[in-house]
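**Q** sequence plus the predicted model coming up.
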Amino acid sequence: MKLHDLTPNPGSKKSRKRIGRGISAGQGKTAGRGTKGQGARAGGNTRLYHQGGNLPFFRRLPFKRGFTPPNQVQWNEVRISFLAERFAANAVVSPETLASLGLLRDPDNPVVIIGNDEISVPLKVQVHRITKGARAQIEAAGGSVEIIE
């Protein structure tokens with residue numbers, strides 16, 4: 001077999017329709033455009049989103065400004081007071097243990113600890129992010145903080 005022997009599969013190539021070339025061609029006279037009307041005229045097509053007299057879809061929607069960034073990170077915020085109430089001394093606080101207690105809104109999202117209260121129980125905290133005040137409170141109580149990636 002050589003290059004000049006190659007042919008497309010039968011039926012895979014179709015010759016184009018030659019419209020407006022006489023009645024014997026099958027697409028003569030009006031050339032498939034029907035008789036009269038907007039679609040029969042040259043350049044007479046409707047614009048995008050045209051809905052034939054109905055109020056266009058984009059005008060029916062409420063007018064909203066701005067947009068939501070698609071890559072923003074949603075954090076699970078956990079307060080120190082929740083940790084003091086629910087964990088014993090020297091317990092390990094990780095995203096898994098917080099999820100098992102039902103403290104996370106979405107377990108797939110990263111966890112941040114927020115310091116808003118006093119804590120007296122020493123804890124081993126392993127989270128994705130922690131505020132400065134929360135870190136100071138936990139270390140002052142004798143606990144440790146580890147940031148996980």
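**A** Arrived safely, thanks for sending. Residues are numbered from 1 along each chain as shown.

**Q** hmm, what's the outermost residue in the protein?
**A** Ser24 (54.2 Å; CA atoms, centre = their mean).

**Q** now that one, what's its secondary structure?
**A** Ser24 falls in the helix class when you classify it by DSSP: H, G, I helix; E, B strand; the rest coil.

**Q** show me the longest helix that occurs in this protein.
**A** The single longest helix within the chain, with elements called by DSSP state H, is helix 132-140.

**Q** from the contact counts, what lies against that helix?
**A** helix 80-86, strand 111-114, strand 144-147 (3 or more CB pairs under 8 Å, 6 or more residues apart in numbering; DSSP states H and E). The C-beta positions use only the backbone N, C-alpha and C, and glycine is treated the same way.

**Q** pLDDT of the helix or strand that the second one is followed by, averaged?
**A** Put plainly, it is strand 111-114. Remark: after strand 111-114, the chain's next helix or strand is strand 124-127, criterion DSSP states H and E. Averaged across strand 124-127, the pLDDT comes to 95.

**Q** what's the answer for stretch 60-74, then?
**A** 90.

**Q** which parts of that stretch are buried?
**A** Residues of stretch 60-74 classed as buried: none (neighbour count, 16 or more other CB atoms under 10 Å).

**Q** start and end of that stretch, how far apart?
**A** End-to-end distance for stretch 60-74, by CA to CA, to the nearest Å: 31 Å.

**Q** dump the helices and strands packed on helix 132-140 to TSV, plus distance to Asn45 and mean neighbour count.
**A** Listed next are the helices and strands packed on helix 132-140 as TSV, based on distance: least, CB to CB, whole Å; neighbours: other CB atoms under 10 Å:
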stretch	distance to Asn45	mean neighbour count
helix 80-86	62	18
strand 111-114	54	20
strand 144-147	60	14
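
**Q** wait, which of these is closest to Ser120?
**A** helix 80-86 (6.9 Å; CB to CB).

**Q** what lines up beside the following helix or strand past that closest one in the sheet?
**A** Counting by DSSP H and E, the next helix or strand C-terminal to helix 80-86 is strand 92-93. Next to strand 92-93 in the sheet, as set by DSSP bridges, lie strand 124-127 (parallel).
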